[in-house]
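Asks: Sequence and predicted structure are below.
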Amino acid sequence: MQYSYTIKGMTCNGCRASVERDLKALPEVSDAIVSLENEEAIIHMTSPVSLETLQAGLKSKYTIEEKFEKQVVDSTTEAPLSKWAQLRPLFLIFGYITIASIAMHYKTWDAQEAMLDFMGLFYIVFSFFKFLDLKGFVDSFRMYDPLASNIKLYGWIYPFIELGLGILFLFRLEIPIALVATLVILGITTVGVTRSLLSKQEIQCACLGTALKLPMTEATFIENAIMIAMAVFMLFI
């Protein structure tokens, strides 16, 4: 018998492996295949297992829910989303921020002023999504940011740092300090992102918190690189 369930609480490939291992350890389960991207577990059972038993076999951070009212899963599976489809929310947000930054200065165009507003709006918007699920963000962020993985408190205060930097840029306060801080915090994160990409780890990007499920891809690297390039331009050029 083969059944499909929804699994909540997974933030990285390590979580996926842990859930899969715990499910396979149950006596009635002959096999389990867990997908991080689809938040799904396909479980093969020798005899029916209650949802309560499955939940008891998992760590408390994970929750399992019935999918399709416990109907047998068809042998065909949906094709995975393309990279563009997965990252569409990120590109849309970047587009809106860019349009807003240009619109604020189109009458008296000033590239540096538009860049400062872009950076301010970037931080404000991205911190908003992180605040929607602060704990979930911290768990995801620790999977790839070198500083957050060693100092958990850094993950908790990171959205506040972004919010503060956004305010500094938009109100034109202490711009040199804000630019240096951008180089430091995004530089550290970019190191972690690069390592994850090179190791081909399946990790959820925490740039937009957990509200939008974004995979770690080259787009995450480009997002940070754009902000770092702007900061370097305004500091040294």
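Replies: Structure's in. What do you need?
Asks: Walk me through the domains of the chain.
Replies: Segmentation of the chain into domains, based on automatic domain parsing, reads 2-70, 83-236.
Asks: mean pLDDT for those domains: which is lowest?
Replies: Mean pLDDT values for the domains of the chain show the minimum at domain 2-70, a mean of 86.
Asks: roughly how far is it from the heart of the chain?
Replies: Chain-centre distance of domain 2-70: 22 Å, with C-alpha atoms, centre = their mean, to the nearest Å.
Asks: before we move on, back to that, tabulate the domains of the chain in TSV, adding columns for mean neighbour count.
Replies: Any C-beta I mention is one placed from the backbone N, CA and C, and that applies to glycine too. As requested, these are arranged in TSV below (neighbours: other C-beta atoms under 10 Å):
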stretch	mean neighbour count
domain 2-70	16
domain 83-236	17
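Asks: counting contacts, what elements does the longest helix anywhere in the chain pack onto?
Replies: Using DSSP state H to assign secondary structure, the helix with the most residues in the chain is helix 175-199. Under the contact criterion of 3 or more C-beta pairs under 8 Å, 6 or more residues apart in numbering; DSSP states H and E, helix 175-199 touches helix 111-132, helix 146-150, helix 152-170, helix 218-236.
Asks: of all the ones you listed, which lies closest to residue 88?
Replies: helix 218-236 (10.4 Å; C-beta to C-beta).
Asks: list the contacts for residue 155?
Replies: 137-138, 141-142, 145, 148 (C-beta atoms under 8 Å, 6 or more residues apart in numbering).
Asks: Equivalent analysis for residue 133, please.
Replies: Contacts of residue 133 (C-beta under 8 Å, 6+ apart): 209-211.
Asks: Pick the one among the residues you listed closest to residue 19.
Replies: residue 210 (16.5 Å).
Asks: So the closest one, which state does it fall into?
Replies: Secondary structure state of residue 210, per DSSP: H, G, I helix; E, B strand; the rest coil, is coil.
Asks: Distance check, it against residue 22.
Replies: 21 Å (C-beta to C-beta, to the nearest Å).
Asks: Isn't residue 204 up against residue 215?
Replies: Yes - counting by C-beta atoms under 8 Å, residue 204 does reach residue 215; the two are 6.7 Å apart.
Asks: Would you convert the contacts of residue 133 into JSON lines that also reports distance to residue 198?
Replies: Compiled in JSON lines, the contacts of residue 133 are given as follows (distance: C-beta to C-beta, whole Å):
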{"residue": "209", "distance to residue 198": "24"}
{"residue": "210", "distance to residue 198": "24"}
{"residue": "211", "distance to residue 198": "27"}
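Asks: Tell me the one of those nearest residue 63?
Replies: Distances from residue 63 to the contacts of residue 133, taken by C-beta to C-beta, are shortest for residue 210, at 13.7 Å.
Asks: Now that closest one. Nearest residue, chain neighbours left out?
Replies: residue 136 (3.7 Å; C-beta to C-beta, 6 or more residues apart in numbering).
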